[in-house]
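1. Could you work out the structure for the sequence below:
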Amino acid sequence: MTIFAADRFPTGTTAIRRDTYAGRVLTAMPHRVIHDTGGEIALACWPGVQSLVPTTWIDWLQTGNPASRDAALRAYAARQWELGRWTWRDTIWLSITTQGAFFSVNLYFNAEHHSLDRWYVNFQRPCQRTTEGIDTFDLALDLVVEPDLSRWTWKDQGEYDQSRRMGIITDAEHRGVQAARAEVVAMIESRHGVFGANWPEWRADPSWPVPILPAEAMGQSCMVSAASGA
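-> Okay, the predicted model is just below:
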């Protein structure tokens, strides 16, 4: 897909990153645009940003109860979930997404002194651009990488396998993820692409206000509850 200059988001503007599934919004979070080349978009958010996420996810964050994650998968399979408001906390999150890729590369910085805490590769559906930002869908599997790229650990393989059994992740998406796994490991080992750039040196512009989630980013097929995050 060709991205024309008029379709790119100017640096410093707000873009909404949404997870969507079965034609409905699953998450919606506003970010500041760091850069947008058309082929690659870098977004950032920080503590205080308000978003909409599934209430099962909020419950898991607040309690650590693994049953909440199981409940989330059942809700996705049934195409029935509710959204609650959650306020981002603790870290500054920078994400870099390449057009057509089955993953995004994320950096999480300590919010107090901005040191890099970890790289985090999120495997996801290739993003689709909207007038407000980008839409994707988290495919459960993650790769957690040390700040110096010396070691990495696969995360949530069991949840990924369960999502496949429940039909949430399709065979085509599985093939995309399998290819992406090999691509990401090769990038880390060779310090290529995002992993060879100077993103760990990036700093948020302190003059930028917290991005706000507009009501129209919700779409028309969401159920929103009154649950809230800390």
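2. does residue 121 sit in a helix or strand, and which one?
-> Using DSSP states H and E, residue 121 maps to strand 116-124.
3. pretty sure residue 44 contacts residue 32?
-> Yes - taking contacts as Cβ atoms under 8 Å, residue 44 lies within contact range of residue 32: 5.1 Å. C-beta coordinates here come from the backbone N, C-alpha and C atoms, glycine included.
4. Tell me where this protein has strands.
-> 14-21, 24-36, 40-45, 50-54, 83-87, 91-98, 103-110, 116-124, 128-129, 133-136, 138-145, 152-155, 224-228 (DSSP state E).
5. As a markdown table, those strands with distance to residue 197 would be great.
-> A markdown table is the format used below for those (distance: least, Cβ to Cβ, whole Å):
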| stretch | distance to residue 197 |
| --- | --- |
| strand 14-21 | 20 |
| strand 24-36 | 11 |
| strand 40-45 | 10 |
| strand 50-54 | 27 |
| strand 83-87 | 30 |
| strand 91-98 | 8 |
| strand 103-110 | 10 |
| strand 116-124 | 12 |
| strand 128-129 | 22 |
| strand 133-136 | 20 |
| strand 138-145 | 14 |
| strand 152-155 | 18 |
| strand 224-228 | 36 |
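6. For residue 57, see how far away the residue lying closest to residue 180 once chain neighbours are set aside is.
-> Leaving aside its sequence neighbours, residue 180 sits nearest to residue 102 (Cβ to Cβ, 6 or more residues apart in numbering; 3.9 Å). According to Cβ to Cβ, to the nearest Å, residue 102 and residue 57 sit 22 Å apart.
7. Which residue of these two possesses the greater neighbour count?
-> Higher neighbour count among residue 102 and residue 57: residue 102, with 24 against 21, using other Cβ atoms under 10 Å.
8. residues touching the more buried one, list them.
-> Residue 102 makes contact with 123, 124, 125, 126, 139, 173, 176, 177, 179, 180 under the criterion Cβ atoms under 8 Å, 6 or more residues apart in numbering.
9. Mind pulling up the pLDDT for the nearest residue to residue 159 once chain neighbours are set aside?
-> Leaving aside its sequence neighbours, residue 159 sits nearest to residue 140 (Cβ to Cβ, 6+ apart; 4.6 Å). For residue 140, the pLDDT comes out at 97.
10. Wait, residue 140 touches residue 125, no?
-> No - counting by Cβ under 8 Å, residue 140 does not reach residue 125; the two are 11.5 Å apart.
11. When these two are compared, which one has more neighbours?
-> Between residue 140 and residue 125, counting by other Cβ under 10 Å, residue 140 is the more crowded of the two (24 against 20).
12. What distance do you get for the more buried one to residue 95?
-> Using Cβ to Cβ, we find residue 140 at a distance of 17 Å from residue 95.
13. go on, residue 81?
-> 23 Å.
14. In terms of neighbours, single out the busier of these two.
-> Using other Cβ under 10 Å as the criterion, residue 81 and residue 95 rank with residue 81 on top: 23 against 20.
15. which residue sits closest to the more buried one, ignoring its sequence neighbours?
-> residue 75 (4.1 Å).
16. Neighbours of that neighbour, how many?
-> 16.
17. Now do the same contact list for it.
-> 54, 56, 81.
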